[in-house]
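Chemist: From the sequence below, what's the structure:
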Amino acid sequence: MTDWPILSTVTFLPLVGAILILFIKDDNELARRNVRNVALLTTVFTFILSLWVWVDFDSSTADFQMVERFEWLGTGITYHMGVDGISMLFVILTTFLSR
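Modeler: Sure, this is the predicted structure:
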């Protein structure tokens with residue numbers, strides 16, 4: 001396991017792709033092709049990352065895995081994310097359906 005926040009990457013990578021698409025301003029065929037390519041690459045990369053989460057998932061335990069916890073602003077507000085058995089299936093389903 002690494003310290004890389006893979007669940008946050010899977011969650012927010014589509015947002016990064018959408019922001020990149022917002023910067024494509026033209027309305028010609030090349031711009032439309034670029035929008036499709038950015039959308040395709042973003043969803044495929046997100047799906048591959050979710051498969052990596054699935055491979056690293058240990059189904060023999062009922063505990064949360066790949067837990068990410070970050071404290072914000074030093075005021076006790078935390079960002080906390082983890083995945084368990086049923087949510088692992090939803091991660092795969094969501095990233096597969098977005099393709």
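Chemist: CA atoms for contacts and neighbours, from now on please.
Modeler: Noted.
Chemist: What part of this structure, helix or strand, is modelled with the least confidence?
Modeler: Of all helical and strand segments in the chain, the minimum by mean pLDDT, DSSP states H and E falls on strand 65-72, at a mean of 88.
Chemist: Any buried residues in the next helix or strand after that strand, and which?
Modeler: Sequence order places strand 77-83 as the next helix or strand after strand 65-72, per DSSP states H and E. The neighbour-count check on strand 77-83 (16 or more other CA atoms under 10 Å) flags Val83 as buried.
Chemist: one step back: what comes up buried for the least confident helix or strand of the chain?
Modeler: Residues 65-66, 68 are the ones in strand 65-72 that count as buried (16+ other CA under 10 Å).
Chemist: quick one: low-confidence ranges for the protein?
Modeler: 1-2, 99 (pLDDT under 70).
Chemist: Ser87 in helix, strand or coil?
Modeler: Counting by DSSP: H, G, I helix; E, B strand; the rest coil, the backbone at Ser87 sits in helix.
Chemist: and Val44, what helix or strand is that in?
Modeler: Using DSSP H and E, the element containing Val44 is helix 29-56.
Chemist: tell me which residues in that helix are buried?
Modeler: Those buried within helix 29-56 under the rule 16+ other CA under 10 Å are 35, 38-39, 42-51, 53-54.
Chemist: of those, closest to Val10?
Modeler: Thr46 (5.6 Å; CA to CA).
Chemist: what's the burial count for the closest residue to the closest one other than its chain neighbours?
Modeler: The shortest distance from Thr46 to any non-neighbouring residue, by CA to CA, 6 or more residues apart in numbering, is to Val10 (5.6 Å). Applying other CA atoms under 10 Å, we find 20 residues neighbouring Val10.
Chemist: list the helices and strands the helix or strand containing Val10 packs on?
Modeler: Element membership for Val10 (DSSP H and E) is helix 6-22. Packing contacts for helix 6-22, counted by 3 or more CA pairs under 8 Å, 6 or more residues apart in numbering; DSSP states H and E, involve helix 29-56, strand 65-72, strand 77-83.
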